[in-house]
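Asks: Can you look at this prediction? I've put the sequence above it.
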Amino acid sequence: MRKPYEENSSENGSILRTFSPDVKSDELKWHRDDEDRLIELLEPTDWLFQIDNHLPVEFPKSFLIERGIWHRVIKGKKNLVVKIIKM
């Protein structure tokens with residue numbers, strides 16, 4: 001299955017992900033992760049972030065997504081570039 005992002009691992013174990021505005025919205029599915037993740041926004045973006053039962057918000061600069069929490073991203077018109085650290 002094709003991922004809706006490009007991913008690169010860094011030497012310190014973090015993951016760099018880039019989502020293109022060309023991705024189809026239906027590829028950006030609600031999901032939950034098996035571990036806590038610290039997310040850091042690396043470039044300004046117009047993408048949105050949404051946690052289940054909450055309204056979408058501007059993408060935060062840095063935040064923690066706890067294990068098992070349903071969430072998704074909503075595409076914008078620019079790239080979304082984030083660093084992910086699995087806890």
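Replies: That came through, no problem.
Asks: and the longest strand anywhere in the chain, which strands flank it?
Replies: Using DSSP state E to define each element, the chain has its longest strand at strand 80-86. Strand 80-86 has the following strand partners under DSSP bridges: strand 15-19 (antiparallel), strand 37-41 (antiparallel).
Asks: Give me the contacts around the first one.
Replies: Pointing back at strand 15-19 there. 4-10, 28, 42, 47, 73, 75, 79-86 (C-beta atoms under 8 Å, 6 or more residues apart in numbering). C-betas here are computed from N, CA, C, even on glycine.
Asks: Apply 7 Å and report the result again.
Replies: 4-10, 73, 79-84 (C-beta atoms under 7 Å, 6 or more residues apart in numbering).
Asks: Out of these, who's the most crowded?
Replies: In terms of neighbours by other C-beta atoms under 10 Å, the contacts of strand 15-19 top out with residue 80 at 25 neighbours.
Asks: Quick check: beta-bridge partners of that residue?
Replies: Here residue 80, judged by DSSP bridges, has bridge partners residue 19.
Asks: Tell me if I'm right that it and residue 46 touch.
Replies: No. Using C-beta atoms under 7 Å, residue 80 is not in contact with residue 46, being 8.8 Å away.
Asks: Among the contacts of strand 15-19, show me the least confident.
Replies: Within these, residue 10 has the lowest pLDDT, namely 83.
Asks: how far away is the residue positioned nearest the centre of the chain from residue 51?
Replies: In the chain, the C-alpha nearest the mean C-alpha coordinate belongs to residue 73, at 5.9 Å (C-alpha atoms, centre = their mean). From residue 73 across to residue 51, the span is 11 Å (C-beta to C-beta, to the nearest Å).
Asks: what does residue 5 give?
Replies: 19 Å.
Asks: quick revisit: okay, the contacts of strand 15-19 in JSON lines with distance to residue 38 next?
Replies: Output for the contacts of strand 15-19, formatted as JSON lines (distance: C-beta to C-beta, whole Å):
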{"residue": "4", "distance to residue 38": "21"}
{"residue": "5", "distance to residue 38": "17"}
{"residue": "6", "distance to residue 38": "20"}
{"residue": "7", "distance to residue 38": "16"}
{"residue": "8", "distance to residue 38": "17"}
{"residue": "9", "distance to residue 38": "15"}
{"residue": "10", "distance to residue 38": "14"}
{"residue": "73", "distance to residue 38": "16"}
{"residue": "79", "distance to residue 38": "20"}
{"residue": "80", "distance to residue 38": "16"}
{"residue": "81", "distance to residue 38": "15"}
{"residue": "82", "distance to residue 38": "10"}
{"residue": "83", "distance to residue 38": "8"}
{"residue": "84", "distance to residue 38": "7"}
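Asks: I appreciate the help and will end here.
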